[in-house]
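Asker: fold the following.
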Amino acid sequence: RVTTRWTGREALMLAASPYADTAALVADAQLASARSLVDELSTPANVRDPEAFETLVAAARDAHEDRVYQILSHVVRALEASAEADAAVRSHPQASLKETTHDVAAHGRTLLYEGFVSATPSSALPHLARYLRAGAVRIERAASSPGALGRDLEDMDRIHQAEADIASVRQALERRPYEARSAAALTQARWMAEELRVSMFAQTLGTPNKVSMKRLLGVLAGAR
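Answerer: Residues are numbered from 1 along each chain as shown. Okay, here's the model as predicted:
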């Protein structure tokens, strides 16, 4: 039923998602909705018998359709921001900006891909549009002067190193028995890296909390 609530603009944007079709996108949004509602409505202490479980299911069912619509609204905004970043890439074909535009395009693919809706933490999903829009802001800034481009490339090297460190820790954790604390720290570091990109490349968009390379690496150390 959620598809009947879309505006024409929303339907067009969602049709341009990386999913095979709209049905696949909605199915993934439904999965994300179920996960987020269960996380919000339950704790190990309050679901200990069949009656409590049925109460949880009923509460989640009541909120499910609205949550799916909310999730897809975030997706629409992310797709709009992605289109802005893509337009910025296309409008700056200069050889001098090739590294920057390539990085913006590659970064976008790490955020939007088939399955991203349920793979993205519910706390991060509302921020995807800002992370993607930062790419467009970044390109315009890098194109503004040789000095700005030089700073952009320096910051890119720094964030790439941090992202490589995150990937290295992830690979190490995959070889070990699951540990909730380390997994949570790794997830936090991964999304802090997105905020750090905004802070480095598109300060005008702002970040909800203070972020720095030192803070990110400190969180990542807790995952090791």
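Asker: state the three-state secondary structure for the residue nearest to the spatial centre of the chain.
Answerer: Nearest to the mean C-alpha position of the chain, by Cα atoms, centre = their mean, lies residue 128 at 4.4 Å. With DSSP: H, G, I helix; E, B strand; the rest coil as the basis, residue 128 sits in helix.
Asker: from residue 16, how far out is the closest residue to it other than its chain neighbours?
Answerer: Nearest residue to residue 128, sequence neighbours excluded (Cβ to Cβ, 6 or more residues apart in numbering): residue 78, at 3.9 Å. For glycine as for every other residue, the C-beta is placed from the backbone atoms N, C-alpha and C. Residue 78 is 11 Å from residue 16, where distance means Cβ to Cβ, to the nearest Å.
Asker: kindly report the same for residue 60.
Answerer: For residue 60, the distance to residue 16 (Cβ to Cβ) stands at 30 Å.
Asker: alpha carbons only: can I get stretch 25-43 in PDB?
Answerer: Extracted C-alpha coordinates of stretch 25-43, given in PDB (Å, rounded to 0.1, in the frame of the first residue of the first chain):
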ATOM      1  CA  LEU A  25      13.300  -1.600  -3.300                       C
ATOM      2  CA  VAL A  26      10.100  -1.700  -1.300                       C
ATOM      3  CA  ALA A  27      10.900  -5.200   0.000                       C
ATOM      4  CA  ASP A  28      14.300  -4.000   1.300                       C
ATOM      5  CA  ALA A  29      12.600  -1.000   2.900                       C
ATOM      6  CA  GLN A  30      10.200  -3.400   4.600                       C
ATOM      7  CA  LEU A  31      13.100  -5.400   6.000                       C
ATOM      8  CA  ALA A  32      14.700  -2.200   7.200                       C
ATOM      9  CA  SER A  33      11.400  -1.200   8.800                       C
ATOM     10  CA  ALA A  34      11.000  -4.500  10.600                       C
ATOM     11  CA  ARG A  35      14.500  -4.400  12.000                       C
ATOM     12  CA  SER A  36      14.300  -0.800  13.200                       C
ATOM     13  CA  LEU A  37      10.900  -1.300  14.900                       C
ATOM     14  CA  VAL A  38      12.000  -4.500  16.700                       C
ATOM     15  CA  ASP A  39      15.100  -2.700  17.900                       C
ATOM     16  CA  GLU A  40      13.100   0.200  19.100                       C
ATOM     17  CA  LEU A  41      10.200  -1.700  20.700                       C
ATOM     18  CA  SER A  42      12.000  -4.600  22.300                       C
ATOM     19  CA  THR A  43      14.700  -5.400  24.800                       C
END
